[in-house]
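A.B. asks: Need coordinates for the below:
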Amino acid sequence: MRKFLTILFAGIFLLALAAFSYAKDQKTAYVDLDKVFEEYNKTKEEYKSLDDKLKAKEAERKKMVDEVRRLKDELELMSDKGKEQKQAAIDEKINTLSEFDRKAKDEFKKERVDAIRDISTEIDKVIQDYGKSQDYDYIYSSRALVFGKDEYDMTPEIIKILNGGKTAGGTGKKD
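C.D. replies: Purely as a prediction, here's the structure:
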């Protein structure tokens, strides 16, 4: 019985050693997705485009607000007879302004969500393609990582690929 236990423990030890050795040979890395997203040139371009559209909408809104103010100023100068008709025009302009605000917010929100989704999908594809081409077993997100040595951080390489640079493996940006 003692010989059996010795052989069993030796077998378990060798099996554990083999599993540890196998795990040690796996190629792993991690990526800081937030940093990749923020440093990707396409993200910067999309944010600038959205900012430009927002400024244009704000300018359009300002014209509408100025028109309402002008009508209110005219209203104060009018006689009681014309005030009712002018007030109806003001109310209509205010309703139009409210509808404009609602539509502009919805459009901006949708465009922003679509841009983030498209960019994130592109980043994921580049990471997966890079991982396959470089024969990685696992690539982790730094969001779920408590600790990782800097030598396993592939963030700069992914940013370089996304922004049109070449990788160590000779692959370029994926379109």
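A.B. asks: what's the spacing between the nearest residue to residue 137 once chain neighbours are set aside and residue 139?
C.D. replies: In this structure, residue 137 finds its nearest non-sequential neighbour in residue 26, 4.1 Å apart by C-beta to C-beta, 6 or more residues apart in numbering. Quick note: C-beta positions are derived from backbone N, CA and C, even for glycine. As for residue 26, its distance to residue 139 is 11 Å (criterion: C-beta to C-beta, to the nearest Å).
A.B. asks: Comparing the two, which residue is more hemmed in?
C.D. replies: Neighbour count, other C-beta atoms under 10 Å: between residue 26 and residue 139, residue 139 has more, with 19 against 9.
A.B. asks: What are the buried residues along stretch 101-116?
C.D. replies: 104, 115 (16 or more other C-beta atoms under 10 Å).
A.B. asks: Extract the CA atoms of it and return them as CSV.
C.D. replies: The C-alpha coordinates for stretch 101-116 follow below in CSV (Å, rounded to 0.1, in the frame of the first residue of the first chain):
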residue,chain,number,x,y,z
ASP,A,101,-33.3,70.2,-29.5
ARG,A,102,-34.8,66.7,-29.0
LYS,A,103,-33.9,65.6,-32.5
ALA,A,104,-30.4,67.0,-32.3
LYS,A,105,-29.7,65.2,-29.0
ASP,A,106,-31.0,62.0,-30.4
GLU,A,107,-29.0,62.2,-33.6
PHE,A,108,-25.9,63.2,-31.8
LYS,A,109,-26.3,60.3,-29.3
LYS,A,110,-26.9,57.8,-32.1
GLU,A,111,-23.9,59.0,-34.1
ARG,A,112,-21.7,58.8,-31.1
VAL,A,113,-22.8,55.3,-30.1
ASP,A,114,-22.4,54.1,-33.8
ALA,A,115,-18.9,55.6,-34.0
ILE,A,116,-17.8,54.0,-30.7
